[in-house]
Every structure is written in structure tokens, then in C-alpha cells.
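Student: output the structure for:
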Amino acid sequence: MTRLTRSTRAIWTLVLLGAASAGVLRTPLVAQNDATSSAFTLDQVLNYPFPDNLVAAPKGAAIAWTFNERGARNIYSAEAPDFTARRITPYMEDDGQELTSLAFSPDGKTIVYVRGGDHGANWPAEGNLMPNPNGSPTQPKMQVWAISVGSGGSGGTAQPKLVGEGDDPAISPSGNRVAFVKDHRIWIAPLDGSKPAEAAFFAKGSSESPAWSPDGRRLAFVSNRDDHSFIGVFTDATQPVRYLAPSTSRDSNPVWSPDGREIAFVRQPGRGGVPRSPLLQQPAPWAIWVSEVSDTSDTSGTEVWKSGETLVDSIPRTAGGVNLHWAAGDSLVFLSYQDGWPHLYSIHRSGDGGKPKLLTPGAFMVEHASLTADRRAMVYSANTGSDRSDINRRHLFKVAVDGSSAPIALTTGSGLEWSPVTTSDSQTVAFLSSDAQRPPLPAVVPLAGGQRRTLAADRVPARFPSAQLITPQPVTFKSSDGVEAHAQVFKTVGGESKKPALVYVHGGPPRQMLLGWHYMDYYANDYGANQYLASRGFIVLSVNYRLGIGYGHAFQYPDRAGARGASEYLDVLAGGKYLQSRSDVDATRIGIWGGSYGGFLTALALGRNSDIFAAGVDIHGVHNWDRLGRPGPDLRSALAGDGISEADIKEAARVQYESSPVSAVKTWKSPVLLIHADDDRNVEFHQTVDLKQRLLEKGVKVEELVIPDDIHDFLLWRTWRTVTTATGAFFEKQFLKKAPSSQP
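Tutor: Predicted coordinates:
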């Protein structure tokens, strides 16, 4: 699961299936409760602009990003020295169409972007149809657009120009052409949309990840052929496509050298080999190769660096992947877990038999990283700093790629900073930031260090309740097997002396909940929901369970986790017991909620420990590991004939079933609200259909909220409002001493 890892036509109407036999949720809005009067409404706390996709222009000192404002997604830009934010696109509706893949033209005057699609999906929809959560009678498309930065939708005259239908655009260095992916092929179109796009070339397999050479003469791409892949190079229609160091391996991530003579890329073994028991974690070794580029023949390559063969040497599964960059001094910078934490390393492109140089030493993770315009330094976010609680935050640092000096902190304090980019003049770092009370906004700080400045603060509505929001407090506790889990506690003053409490479990699972507004839109909304639930009189414990990021390789890749034994549930259970032990918690009123992988853990908690978790809200959770994604063969059928022993197959099937919530239905007693959108491309909708029927047969009280046509990450803002409203109403009905009543 990648994002387990960003609708209803009648906003306050719950779509209920089987209402005669299941419990029916009929409280569309949560009323004020005398004992815990809320100082803000749910609408207020979810009404904030969420920034994403921050990029810097290759010329000048301009930056751009997307804002999602109550579902209206637009591109904003700003430029030195004042960095005044300005909207440049004209989209004003909550229509569920993503904006992604922002890129400036070389002269900084045009931005290319993609509108539409589901970029967090694990699989395409049937017929490769684009999401249509708004119920448009016209089928939505995923399209590449271009718009002038000079004037825009907030008073200017520029309108977006359609480049073509597709995804993953790359602008040529000349600035007059755009390459993009459509139907597993590379297409090229004029930047101004004056002519229809044309297929660039024919190649076997799936062509993806286009990357122009610095002089714009050639286009590198990944030729994916399932069990192996090549790095291809296309020049023009008169020359054949060339492949770099072709092998049985899987090659990816092509990065051009500054002079355009070579390409660095990542190499992993091809799929195959002796089958292993699915109960065992397998190392995923990888290497960095460099190959010269030739117009006359396929070329060989050189292995610059190779990982070890242990689990800790496996290819990183972080937000930026391996973060491969071609830096100054003919060095390559990359990210590796080899010392137990995800860190940046550099090595000369020749390899020279030397070891890579560790640039970011310490017990912390590097997450978002970018190369400065002069290629001499890396700017990155990390969960470290002078405060011990910084392990649950993000701050920005810079480090020279040659490792000549120690990293320098660019930001400090109780806030969070992430996604740094530097302006082309190497004077300014732009980034996204938040704190416990302020939602995410773009900001800038001098690369040399100095005063930071928050941008676009006027886009936060005047009624956003920053002053009423609390600062969550970090806590730790140990699970029954001795693993230490981190968590944050949301609690307001006043109200009952013994409050009802909720455990919140994030999805992913490679995620980390933080001491402030999150850098992913999904979890920013959940952070707002936890603030709201706390304001209603609940104590909320947000648990960072094993399998999550931020606490080292051993914590992220534990034994017997997931379908191999669900050991991560021990941390969730320990969270419930921690709440029971608190003097300010009513141990009979503890609930649990979460989405995606958090929905899986919610269902597991309600099934295994209804004695602790008295009610729960399970949002698009995995309930049966045997049907993780789309319908397919069961585990026994999938493994049969692959050389795995019958005994291993039986044991794997047993463990997988016992790790699934469906195995715990027999002991499930607590009421549950099931929520799922039926165009989910990350967790099969059938997971909820099946679980509901099993629970009804057991006599468990089930309520449900089904969202037609929205996806896993809820593209519509009004879907988020509906889901969060339903979650709060359910818990108030279950746990507050005075039953809520509806309000118009």
C-alpha cells in the first residue's frame, strides 16, 4: 500500500446500505454539549488552505505551489524580493480534480502542470477511467496544461492552454516542447499547445519517467518490461532508441550529468529467483550505475556503488526514494538506510573503490531533500534539533555535498518545516511550514541563514480557530514485547473529571504523526479532526506504531508485522492500556479510529479487544490480507507451483488469516461505523462489503457511510467534512453522557 502510503452530492446526507439490519447514523452535525462547549466548529477547523507541490523556477527567484482551498485547487506563485502570493489558475469549484507535477519553463515564464487523476492509487480503475467524485456527466480526463506566470486568475487575463492528455510532464531545456506519458508511451507536444501531441517513438513495454538532456537533444526514459527494465535514450526519428547497459536487472531513476554526456541510474535485481516463504522479510539490494550516452551504439556502464545484502541495506522506501542527484565535483548524492537511519551520502561518479561519505550523521531520518541551484549543497528536512521532542517534528538543514562541514540548521523551534527548494540565484530557500496552531503555509528563509518569512497568510480564513487549538503533548510507552512507541496526546482543560478517550491510528503505514499540522493533506485533515474531537471533550492519543517512519530502520521494518503477524497491533493495544491507566480517562469509554492501515488496526482492535475499545470508526480499512487489492487468487493458489513447500504455504496462510481482522470477528462486540468510498484504488471496496456481512451475522451493531465515486484519499473537500462529521457524531453518541442532537 502506498498511501494506506491526499463525496456526496448532498453534503449532509449519509448513504446507508442495509439500514434495516445495521445501525443507522442519523446525526449529520454534532451539537454543542454543555460540559464541553466547543469554541469552534468543524467547518472552521477544516477550512484552511493546504499547500503542496512546491517548486522553484530555473531562472530568477520565483516559486510556485498548489493550494487546496475548500476543494478549489489552484496554482499560486511568488517572486523575490517581496514574495507576494498570487493565484494564477482559474479553478473555483470543489470538483475533485487533482493538480500535480508542477514545473517551470526554463525562462520561468510558464508553468506546466497536470490536472486530474489519482496519483496516490495502487492500481488503475477499470478501463483506466479517471476519478469522477463530483458526478460530472462529462467523463473527467487527466491532462497536461500550461499557463503563463505573468498574469493569472485573480485579476489577470491568462488562461490555461491544453498541451495534451497525459501525465508526468517534462519541459525541454529550449522551453518549446513538453514530453509526457500517455497510454504507456512518451508523447511530445509544443508548450503553447498549438499542435496536437505526437508519439515520440515506439518501444516495447511501458515507457515512463521522461528526462531531457541538458542540451535538449535527447530524452532519457525508463522502459519497464515487468520483470526487468532498461534506461532508454531517444534522440530523433532518424536514429534508433539506445539502451544503457541492458541487463536482466530493473533500472530506474535516470539522472543526467550536468554536461549531458552520462546518465546515472538505480539498478535492482530483476524479479525472480528461488522462492522464499512470504513470512520472511527479504532484503532488497540495489546499486548506482553510470553509463555514457552514445548516438551510435548501446553502451556499457560502470557500477559506482552497491549496497550490502542485509535488510538494513535495502532500497529506501521513503517519500523521495533514493533521492539520487548529480552534484558539483562530479559527485552523486543519494539516500541510504545503511547505518540504520535514512541519511544522505555522496560518492564520486567514478566510484574509485572508495566508500560513500556520510553527510548527515545522527539518530534521525532525512526525508525531503533537494539540491541547491549551484549543486554544491543539499537542503533537507529531518526530525532532529536541539529539543528532544524534535524527533516528532521536521526542521530544515543544509550540508555541503563534499562533506567539508557539518550540517547547518536553517530552522529551529516548535514548528515544522518540510519540502525545501532553493531559488536559482541560490539566495533563498522556500519551504512549507506549520505549527500546532497554524495550518501549513509556504515560507522563505535566506540560504545563508537569517529571518524566515511566512507567505500567503491572508489565505487562512479570519474565522480559522488558531487561538482555540491546543498543542499536543508527546508521550512514550512500551508494548508488551518491550518496543517503545511514541504518541501525541490531545487534551483540553475543563469538562468531565474523567473524560472519554480515543486512540487514533494513522495509515500508510510508513507515516509519522507529528506535534503540529501534518505535511500530507490526508493527515492534516486528521490532525484537524483530532483537535476538534479534543474540543468536544475527548482525550485523543495519536499513536506512532512500529512500521512507521521517524524512529529508525528496526522500528520501520519489524519482525512479524502486517500479514506476517500484525506485531504492530501490540503498540496500538499498549496505547489503549496507557489511556486506561490515566486518572483523567474513563476506562469504560475508550474508542479507536483511523483510515486505511489505521482502519485495519481499528478493526483488529475492535475484534481482538472489545474489552478495551468500546467503539470505533473504521475508514477504508484492510480486513482480509487474502484480498489486499483487487480480486485475485488466494494465497495458496498464488504460491502453488512456485517452489515453496506445502508446509510453508499452510503456515503462511494461517498467519495471514490470523493477522486479518476477519479472524477476530468471533470476539468482536463493540459497535463500529464503517466508512468507505467505492472508487477506492488503494483498498478494495469489497473489504468493507465483506466485513459488514460478517459482523451482522455475528450480531455486532454496524453503521455505515458509503461515498459514491470518491477515492481513497477523498478528492472532495465536502467528503472530508462529511466523513469527519460522521466520525465525531458517532463517538459523541457512543460516549458522551448527554446525547447529542442534530442542528441544521
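
Student: ok, the residue nearest to T318 when sequence neighbours are not counted to V401 distance?
Tutor: If the residues on either side of it in the chain are set aside, T318 comes closest to P342, at 5.5 Å by C-beta to C-beta, 6 or more residues apart in numbering. In short, each C-beta sits where N, CA and C put it, glycine included. Note on P342: its distance to V401, by C-beta to C-beta, to the nearest Å, is 17 Å.

Student: what does R271 give?
Tutor: Between R271 and V401 the computed distance is 33 Å (C-beta to C-beta).

Student: more neighbours: those two, which one.
Tutor: V401 (22 against 10; other C-beta atoms under 10 Å).

Student: which residue sits closest to that one in space, ignoring its chain neighbours?
Tutor: Beyond its immediate neighbours in the sequence, the residue positioned closest to V401 (C-beta to C-beta, 6+ apart) is A327, lying 4.1 Å away.

Student: list the contacts of that neighbour.
Tutor: With contacts defined as C-beta atoms under 8 Å, 6 or more residues apart in numbering, A327 is in contact with 333, 346, 371, 375-376, 378, 401.

Student: next one, pLDDT for it please.
Tutor: As summarised for this prediction, A327 has a pLDDT of 97.

Student: same check, this time on the one 4 residues further on
Tutor: Reported pLDDT at S331 in the predicted model: 96.

Student: bridging residues for it?
Tutor: When bridges are assigned using DSSP bridges, the partners listed for S331 are A327, H348.

Student: mind checking how far W668 is from R317?
Tutor: From W668 over to R317 (counting by C-beta to C-beta), the distance is 32 Å.

Student: more neighbours: these two, which one.
Tutor: When W668 and R317 are compared for neighbours, W668 comes out ahead with 25 against 16, by other C-beta under 10 Å.

Student: surely that one touches S610?
Tutor: Yes - counting by C-beta atoms under 8 Å, W668 touches S610, with 6.1 Å between them.

Student: where's D584 relative to G728, distance?
Tutor: In this structure, D584 and G728 are separated by 20 Å, where distance is defined by C-beta to C-beta.

Student: those two: who's more crowded?
Tutor: More neighbours surround G728 than the other of D584 and G728, with 24 against 13 (other C-beta under 10 Å).

Student: quick check: mean pLDDT of the helix or strand hosting the more buried one?
Tutor: Here G728 sits within helix 717-735, counting by DSSP states H and E. pLDDT averaged over helix 717-735 equals 97, rounded to a whole number.

Student: out of the contacts of A327, flag the one nearest to A85.
Tutor: Within the set of the contacts of A327, L371 lies nearest A85; the separation is 25.0 Å, counting by C-beta to C-beta.

Student: the closest one bridge partners, please.
Tutor: M378.

Student: return the list of helices and strands in contact with the longest strand seen in the chain.
Tutor: Secondary structure assigned by DSSP state E gives strand 585-595 as the longest strand of the chain. Helices and strands touching strand 585-595, by 3 or more C-beta pairs under 8 Å, 6 or more residues apart in numbering; DSSP states H and E, are strand 499-505, helix 569-581, helix 597-608, strand 615-619, helix 717-735.

Student: ok, it: who's next to it in the sheet?
Tutor: Partner strands for strand 585-595, per DSSP bridges, with pairing direction: strand 499-505 (parallel), strand 615-619 (parallel).

Student: just checking, which of the contacts of A327 belong to helices?
Tutor: Using DSSP state H, no member of these sits in helices.

Student: most neighbours, which of those residues?
Tutor: M378 (27 neighbours).

Student: give the next helix or strand downstream of the worst-scoring helix or strand of the chain on mean pLDDT.
Tutor: Every helix and strand of the chain was ranked by mean pLDDT, DSSP states H and E. The lowest is helix 635-639, at a mean of 55. Going down the chain from helix 635-639, the next helix or strand is helix 646-658, by DSSP H and E.

Student: now do that following helix: distance to the chain's middle.
Tutor: Here the centre of mass of C-alpha atoms in helix 646-658, compared against the chain's by C-alpha atoms, centre = their mean, to the nearest Å, lies 31 Å away.

Student: tell me the helix or strand right after that helix.
Tutor: Going down the chain from helix 646-658, the next helix or strand is strand 672-677, by DSSP H and E.

Student: that following strand pairs with which strands?
Tutor: Sheet pairing here is set by DSSP bridges, and for strand 672-677 it gives strand 615-619 (parallel), strand 702-707 (parallel).

Student: CSV please, covering those strands and showing mean pLDDT and distance to T89.
Tutor: What follows is these, written out as CSV (pLDDT from 0 to 100; distance: least, C-beta to C-beta, whole Å):
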stretch, mean pLDDT, distance to T89
strand 615-619, 98, 31
strand 702-707, 98, 26
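
Student: any low-confidence regions in the protein?
Tutor: In the predicted model, the chain carries pLDDT under 70 at residues 1-38, 151-157, 298, 353, 628-643, 737-744.

Student: the residue nearest to T318 touches M365, doesn't it?
Tutor: Yes - contact between P342 and M365 holds when scored by C-beta under 8 Å: they sit 4.8 Å apart.
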